[in-house]
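K.L.:
My questions concern the predicted model and sequence given below.
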Amino acid sequence: HWPDRYVPCFGSTVYNFSRYRQDAVPFEETLKGLKKILDQGKIKHWGVSNESSYGVCQLCHLCDKLGIPPPVSIQNSFSLVHRQFETELAETCAPWNCNVGLLAWSPLAGGVLSGKYLNGALPAKARFTIFEQYQERFLQQRCSQAVAKYAQVAKEEDTSMVKMALSWIADRDYMQHGSTIIGATTIPQLKECIDAFDVTLSKKANDAIDRIHLECRDPSQNI
């Protein structure tokens, strides 16, 4: 679910030298294990998760060297409040480079981008109501302020926040050979998520989203 070696993730953005682990499992050892179960037919393809550009490049280079099929997907966090992937990782994973499709996880930032936690609301049975300290980064002040601005964009676009957030992801160039991981507790939630992929946002909405991003870049992330 994440690299064995130290990599900043789950809200961390700065590579901390002091957390480097000399005992991390080498890339080659992992790849040889994958090749074994690929050859046995137990899996057809494989991917990485919460990986960096360095990790993707190293893995693809070693796959070529060892004669192992390269990863086909990268499962990384990606949403309106965490757009880190679209910097160097988007280039690394592009079809003409490593050709690794993005599987965007937490596209609604744990449900925050549905708008249900706006103004400090804690709906009954909602994730962050039940688990008070779970993924706190999505409820921190910077993130809440950005979400409130995105809510206004959705209102002006005459669509729900869920549909706006998911359709925005689906429309990214680097999603042409990727997919979005959605989760729902109820059937109405699931339907709204699925319907989002039939929504096309206007240029005005996309421009507004980018302006908010520039004002508050990746507000769900910390040092």
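P.N.:
Received, thanks.
K.L.:
all strands for the protein, in order.
P.N.:
Remark: strands assigned in the chain by DSSP state E are 47-49, 73-77, 101-105, 179-180.
K.L.:
Does anything pack onto the third one? Which helices or strands?
P.N.:
The criterion is 3 or more C-beta pairs under 8 Å, 6 or more residues apart in numbering; DSSP states H and E, and the helices and strands that strand 101-105 contacts are strand 73-77, strand 179-180. (Glycine included, C-beta is placed from N, CA and C.)
K.L.:
In that strand, which residues are buried?
P.N.:
Applying a neighbour-count criterion of 16 or more other C-beta atoms under 10 Å, the buried positions in strand 101-105 are G101, L102, L103, A104, W105.
K.L.:
returning to what we had before: need the winner for burial among the helices and strands packed on strand 101-105.
P.N.:
strand 73-77 (a mean of 21; mean count of other C-beta atoms under 10 Å).
K.L.:
okay, the angle between that strand and strand 101-105?
P.N.:
Going by axes from the mean of the first three to the mean of the last three C-alpha atoms, to 10 degrees, strand 73-77 is angled at 30 degrees with respect to strand 101-105.
K.L.:
Now the helices and strands packed on strand 101-105 in CSV, please, with extra columns for distance to W46.
P.N.:
Formatted as CSV, the helices and strands packed on strand 101-105 follow (distance: least, C-beta to C-beta, whole Å):
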stretch, distance to W46
strand 73-77, 8
strand 179-180, 16
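K.L.:
Tell me which of those strands sits nearest to M164.
P.N.:
Nearest of the helices and strands packed on strand 101-105 to M164, taken as C-beta to C-beta: strand 179-180 at 13.4 Å.
K.L.:
and the closest one, what does it pack onto?
P.N.:
Against strand 179-180 (3+ C-beta pairs under 8 Å, 6+ apart) you get strand 101-105, helix 161-170.
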